[in-house]
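Asker: I'd like to go over a predicted model; first the sequence, then the structure.
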Amino acid sequence: MKSNALIINNEKIAKDIYELTLELDSNFIPGQFVNISVGRPDLLLRRPISVSDYDNNRLKVIYRAVGEGTKYLAKAPVGSRLDTLHPLGNGYPLVKGKNVLVVGCGMGVAPMYYLAKELSKDNNLTIILAYQNKDYAYLTKAFDNFGQVIITTDDGSIGYKGNVLEYLKNNKLNFDTLYACGPMIVLKNLDLKYRDIKEGYLSFEERMACGIGACYGCVINTKNGLKRVCKDGPIFKLGEVAYD
Ligand SMILES: Cc1cc2nc3c(=O)[nH]c(=O)nc-3n(C[C@H](O)[C@H](O)[C@H](O)COP(=O)(O)OP(=O)(O)OC[C@H]3O[C@@H](n4cnc5c(N)ncnc54)[C@H](O)[C@@H]3O)c2cc1C
Ligand code: FES
């Protein structure tokens with residue numbers, strides 16, 4: 001679906017990180033994303049951004065202003081409109097009655113909010129929010145009602161000092177199902193660590209063009225051949241992606 005979505009809010013919430021609220025009539029599964037045209041005529045490709053929350057026709061996404069498109073988006077005024085494609089991607093399957101570990105790293109924390117909100121209705125959650133340092137930390141209190149929250153930073157400026165992989169090496173957590181979103185290196189290590197012993201779902205990123213499965217510009221190698229991250233993913237099961 002395509003919408004000309006009204007900007008309700010677009011505010012800075014941490015260093016280089018913005019929360020954008022759009023008025024949008026849609027249906028979203030956690031882990032899905034929207035593809036936003038930032039509105040500058042020379043930036044033709046849309047920018048894929050994960051759903052961070054959706055409620056009552058209000059979509060929240062959280063993005064880091066890293067390049068030309070997202071820096072331009074950061075200046076989009078409240079009251080203006082953004083051409084947005086949605087809902088895109090497969091989304092996370094939601095388990096019930098399980099001990100669940102939710103891991104969000106960096107910008108991967110953003111989609112975990114909507115996921116944890118939904119999973120907390122039927123499961124016991126442990127949630128790890130991993131950041132580079134306190135300047136880049138956001139939504140640090142937002143998950144408190146959903147389960148036990150553990151915060152890590154690489155430099156120890158808040159929470160545990162070390163990355164999420166170090167935390168998991170040094171602390172034994174009891175869980176049946178893993179959900180994670182973050183940089184490829186973290187996903188790969190979590191996958192290799194847990195693929196033979198746990199159920200789990202990981203959210204992958206690739207550079208995208210069409211975002212709707214038409215151009216094959218976003219393929220990832222899996223045990224079942226090449227898959228499109230935008231259409232067959234971005235969520236893949238533990239053990240599904242082939243890294244070599
Ligand atoms: C499914 C999915 C969900 C995402 N969710 C989020 C999110 O919730 N928050 C967030 O901050 N970022 C998210 N990203 C990454 C985000 O799309 C890029 O940071 C953004 O497109 C960069 O655009 P730019 O113009 O600022 O950067 P530039 O580097 O100038 O972009 C140039 C081109 O590369 C593409 N591109 C650059 N980096 C990425 C990337 N990592 N993934 C895909 N395309 C990229 C851009 O879309 C653009 O077409 C997501 C990416 C994917 C694939
Ligand atoms: S971006 Fe075109 S198929 Fe995925």
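Answerer: Okay, I see it. Ligands and ions are numbered 1, 2, ... in the order given.
Asker: C-alpha from now on. contacts and neighbour counts both.
Answerer: Noted.
Asker: Show me the longest strand that occurs in the protein.
Answerer: strand 2-14 (DSSP state E).
Asker: any idea how far Met1 is from the most centrally placed residue in the chain?
Answerer: By CA atoms, centre = their mean, the chain has its centre lying nearest to Pro111, at 3.4 Å. For Pro111, the distance to Met1 equals 20 Å [CA to CA, to the nearest Å].
Asker: and if you look at Lys161?
Answerer: 43 Å.
Asker: So if I had to pick from the two, which one is more boxed in?
Answerer: Of the pair Lys161 and Met1, Lys161 is the one with more neighbours under other CA atoms under 10 Å, namely 16 against 10.
Asker: My guess is that one contacts Asp155. True?
Answerer: Yes: the pair Lys161 and Asp155 qualifies as a contact (CA atoms under 8 Å) at a distance of 5.7 Å.
Asker: Common neighbours of the two, please.
Answerer: Common contact partners of Lys161 and Asp155 (CA atoms under 8 Å, 6 or more residues apart in numbering): none.
Asker: next one: phi and psi at Leu44?
Answerer: Backbone torsions for Leu44, taken as degrees, to the nearest 10, come to phi -70, psi -40.
Asker: my bad, should have said Asn170
Answerer: In terms of degrees, to the nearest 10, the main-chain angles of Asn170 are phi -100, psi 0.
Asker: Could you tell me how many residues sit around it?
Answerer: Asn170 has 9 neighbours, counted by other CA under 10 Å.
Asker: Give me the distance between it and ligand 2.
Answerer: As defined by CA to the nearest ligand atom, to the nearest Å, Asn170 lies at a distance of 38 Å from ligand 2.
Asker: How about Ala116?
Answerer: Distance from Ala116 to ligand 2, counting by CA to the nearest ligand atom: 26 Å.
Asker: And Ala76, by the same measure?
Answerer: 24 Å.
Asker: contacting residues for that residue?
Answerer: Per CA under 8 Å, 6+ apart, neighbours of Ala76: Asn10.
Asker: Now it: phi and psi?
Answerer: The phi/psi pair for Ala76 (degrees, to the nearest 10) is phi -70, psi 120.
Asker: so how far is Leu20 from it?
Answerer: With the distance defined as CA to CA, Ala76 ends up 9 Å from Leu20.
Asker: anything in contact with each of the two?
Answerer: Common neighbours of Ala76 and Leu20 (CA under 8 Å, 6+ apart) are Asn10.
Asker: And the protein, split by domain according to the record?
Answerer: When the chain is parsed with automatic domain parsing, its domains come out as 2-88, 99-203.
Asker: Thr70 touches Tyr63, doesn't it?
Answerer: Yes: with contact defined as CA under 8 Å, Thr70 reaches Tyr63; the gap is 7.4 Å.
Asker: Show the end-to-end separation of stretch 109-129, please.
Answerer: 6 Å.
Asker: Touching it from outside, list them.
Answerer: By CA under 8 Å, 6+ apart, stretch 109-129 touches 30-31, 50-54, 61-62, 92, 94-106, 130, 139-140, 142-143, 146-152, 164, 180-182.
Asker: before we move on, back to that, who has more neighbours out of Thr70 and Tyr63?
Answerer: Taking neighbours as other CA under 10 Å, Thr70 and Tyr63 compare with Tyr63 leading, 23 against 20.
Asker: list the contacts for the more buried one?
Answerer: So Tyr63 contacts 17-20, 49, 70, 107 (CA under 8 Å, 6+ apart).
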